[in-house]
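S.K.: here are the coordinates; sequence isn't available:
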């Protein structure tokens, strides 16, 4: 079964949010996330988010986090994007859909004769770490 909490880890979310808050402000980042500044501060101080809040944090990470820069999409960000896309499916359908999406992306790049981007090479290990071996 795919764990939606496997990537990005809470520590990665927390680090990215701290960096963004230091660069702008806690209030600005809390607006981006969709939570109160107090709630964000509690998370930054080590609090564990509820599942609804975690989804908000993951969406923020995808839209505003480190993977957004022009130097390319990070594999962990791409994995988060796909996890968010399938999160409302029944848990038994999430992994098959993720596998199908990854295969479709791999096939699309191959059919177009394009080199595989780094994030695509990192996607399977990010999504299916138990399959590595």
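M.R.: Looks like it arrived, so ask away. Keep in mind it's a predicted model, so treat the numbers as computed, not measured.
S.K.: Return the distance of residue 112 relative to residue 106.
M.R.: According to CB to CB, to the nearest Å, residue 112 stands 11 Å off from residue 106. C-beta: built from backbone N, CA, C; applies to glycine.
S.K.: More neighbours: these two, which one.
M.R.: More neighbours surround residue 106 than the other of residue 112 and residue 106, with 15 against 8 (other CB atoms under 10 Å).
S.K.: ok, and the closest non-adjacent residue to the more buried one?
M.R.: Distances taken as CB to CB, 6 or more residues apart in numbering put residue 120 closest to residue 106, at 6.6 Å, once the chain neighbours are dropped.
S.K.: Can you report how many residues neighbour that neighbour?
M.R.: Neighbour tally, residue 120, other CB under 10 Å: 17.
S.K.: And residue 76, by the same measure?
M.R.: Residue 76: 22 neighbours (other CB under 10 Å).
S.K.: hang on, isn't residue 62 packed against residue 83?
M.R.: No. Contact criterion CB atoms under 8 Å: residue 62 and residue 83 do not qualify, at 9.5 Å.
S.K.: coming back round to it: got the contact list for the residue nearest to residue 106?
M.R.: Applying CB atoms under 8 Å, 6 or more residues apart in numbering to residue 120 gives the contacts 78, 102, 105, 106, 109.
S.K.: Next one, pLDDT for the residue nearest the centre of the chain please.
M.R.: By CA atoms, centre = their mean, the chain has its centre lying nearest to residue 80, at 2.5 Å. As predicted, residue 80 sits at a pLDDT of 81.
S.K.: likewise residue 73?
M.R.: With respect to pLDDT, residue 73 has a value of 68.
S.K.: Also residue 54?
M.R.: For residue 54, the pLDDT comes out at 90.
S.K.: Please name every helix or strand in contact with the lengthiest helix in the chain.
M.R.: Using DSSP state H to define each element, the chain has its longest helix at helix 91-111. On a contact count with 3 or more CB pairs under 8 Å, 6 or more residues apart in numbering; DSSP states H and E, helix 91-111 meets helix 75-86, helix 118-127.
S.K.: which residues touch residue 61?
M.R.: Here residue 61 is in contact with 8, 12, 13, 16, 67, 77, 80 (CB under 8 Å, 6+ apart).
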